[in-house]
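Engineer: Build the 3D model from these lines:
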Amino acid sequence: MPSLLDLRRRIRAVKSTQQITKAMKMIAASRLKRAQERVVAARPYARRMLQVLNSLAARVDPESHPLLRTGKAAGGPLLIVITADRGLCGSFNANVIKTAGQFIAGEGRAPETGLGLIGRKGRDFFRRRGFEVRFEQVGIFQRLTYGHAAAIANAAIDEFTSGRASTVHVVYNEFKSVMAQRIVLEQLLPIPRLEAAGGPAAEYLYEPAADEIFSDLLPRHVQAQVYRALLESNAAFFAAQMTAMDAATRNSSEMIDSLTLYMNKVRQAAITREIIEVVSGAAAT
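Structural biologist: Predicted structure coming up:
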């Protein structure tokens, strides 16, 4: 049976941990509001551009631009894995890593899949296991800007246009609500082509030429999609961390109550034992 001193020390330690989890929950909540505003502002532009370019890609020659080509490349697929730089966020990082592992293992892609790793947790996991890392970015979520997304997208475009990557996919956590995040695995390159709907197909007139428009617009489209994925992942991280720290705070409160009750029982038993000893001693005399 632990002593009263040991129990008091353990209660103090749990209370100290509870203060930390409360502080982390408040910090995550304050940062989530700003991250959520940025994600909501970026979604309409990125989604509308995706719809327009997907529709456009279905009506033009795939050979009209390198980012539209669907031919077989010499290299294997490239997977961009977006995780967080920190933990204490429940299964946030584990779910992304699990989905990435399933993609790599699927259809025998393991030997030829290259990785672009965003975030320290994913970088450390895949590096330790000897995967081929084409590029990486860590520590960008503290001050996330469009320039970070442009650098990642340009690296992916170079891999694709050079033939070292046959396709480019990205896996990340999409922010749904404070309580829910959804794992998303989507194709970036080549630009997906929508199935032609029934009825007459729309005709486009280009001014200037289509190749000039594609050369400027398609790289920006990839950058916008990467930027949205980074913003989604950042907001989802703060939501997951806030939820995890709230659960940890509640669990620590339950542990404190349980330890306090047990300590009182131990103290009561000690007092009862001392009384019995005094009474027994008085009766003996």
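
Engineer: so where do the strands sit in the protein?
Structural biologist: Ranges of strands in the chain, per DSSP state E, are 78-82, 114-118, 133-137, 168-175, 181-189.

Engineer: In PDB, please show the C-alpha coordinates belonging to the third one.
Structural biologist: By that I understand strand 133-137. What follows is strand 133-137, C-alpha atoms only, in PDB (Å, rounded to 0.1, in the frame of the first residue of the first chain):
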ATOM      1  CA  VAL A 133      12.400  10.900 -49.800                       C
ATOM      2  CA  ARG A 134      12.400  13.300 -52.800                       C
ATOM      3  CA  PHE A 135      11.900  16.400 -50.800                       C
ATOM      4  CA  GLU A 136      10.800  17.500 -47.300                       C
ATOM      5  CA  GLN A 137       9.600  20.600 -45.400                       C
END
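
Engineer: Quick check: can you name the pairing partners of it and their directions?
Structural biologist: Under the criterion DSSP bridges, strand 133-137 sits next to strand 114-118 (parallel) in its sheet.

Engineer: just the angle between the partner strand and strand 78-82, please?
Structural biologist: Counting by axes from the mean of the first three to the mean of the last three CA atoms, to 10 degrees, strand 114-118 lies at 20 degrees to strand 78-82.

Engineer: where's strand 114-118 relative to the chain centroid, distance-wise?
Structural biologist: Put simply, strand 114-118 sits 14 Å off its chain's centre (CA atoms, centre = their mean, to the nearest Å).

Engineer: Quick one: residues in contact with that strand.
Structural biologist: Residues outside strand 114-118 that contact it (CB atoms under 8 Å, 6 or more residues apart in numbering) are 75-83, 100, 123, 126-127, 131-138, 140, 152, 155-156, 159, 164-165, 230, 233. C-betas here are computed from N, CA, C, even on glycine.

Engineer: Check the model's average confidence along that strand for me.
Structural biologist: The predicted model assigns strand 114-118 a mean pLDDT of 94.

Engineer: ok, how many other residues are close to Arg38?
Structural biologist: Neighbour count for Arg38, taken as other CB atoms under 10 Å: 17.

Engineer: That concludes my questions; thank you for your assistance.
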